[in-house]
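> Here you go, sequence then predicted model.
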Amino acid sequence: MEVKLSRDMQGKRIRETRLETGFNQTKFAETLGVTHAHISKIESGKENPSNTLLMLMSCKYGVEYAWLKWGSMPKYTPEFAEQVYALDDLINARDALWDIVNTLDDMLFQKFYIVRKRQ
């Protein structure tokens, strides 16, 4: 049988996670695709977070799902943190490649525009 944290305890852990990000409730809610009101109610212990929301928070912010849900496990485990950092590196590399693609696209457009203009 699973022993779940109380709503108040889950709310405190979610608030702690949000504060570590430096986000206010509105920005934090945006990053998770929920409303500010929902985050506010969760943090104050008035609503339960869904399992999906806890999983998303775990993935986005590198916090162990089990720590958020049941209070077990450390907040961060080295293996999980390594995976989060590797994922973050991949996202940064993807963003850098996207910037290069956009720059090349702009250069080709400008070159095409100049050639067409001369004709």
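Thanks, I have the structure now.
> Give me the distance from the helix ranked longest in the chain to the chain's centre.
Longest helix in the chain by number of residues (criterion: DSSP state H): helix 78-118. Helix 78-118 sits 20 Å away from the centroid of its parent chain (C-alpha atoms, centre = their mean, to the nearest Å).
> Now do it, average pLDDT.
Helix 78-118 shows a mean pLDDT of 77 in the predicted model.
> And it, what does it pack against?
In terms of contacts (3 or more C-beta pairs under 8 Å, 6 or more residues apart in numbering; DSSP states H and E), helix 78-118 is not packed against any helix or strand. All C-beta atoms are positioned from the backbone trio N, CA, C, and that covers glycine.
> Quick test: name the residue nearest the centre of the protein.
For the chain, K60 is the residue whose C-alpha lies nearest the centre (C-alpha atoms, centre = their mean; 3.1 Å).
> what's in contact with whatever helix or strand that residue lives in?
Assigned by DSSP states H and E, K60 falls within helix 51-61. The contact list for helix 51-61 (C-beta atoms under 8 Å, 6 or more residues apart in numbering) reads 14, 17, 20-21, 31-34, 49, 63-65, 68-69, 84.
> Could you tell me the average pLDDT over the next helix or strand after that helix, please?
Sequence order places helix 65-69 as the next helix or strand after helix 51-61, per DSSP H and E. Across helix 65-69, pLDDT averages out at 90.
> Stretch 32-51 too?
The pLDDT scores in stretch 32-51 average 95.
> Buried ones in it, by neighbour count?
By neighbour count on 16 or more other C-beta atoms under 10 Å, the buried set for stretch 32-51 is 32, 34, 38-43, 47-49.
> Kindly calculate the angle that the longest helix of the chain makes with helix 51-61.
70 degrees (axes from the mean of the first three to the mean of the last three C-alpha atoms, to 10 degrees).
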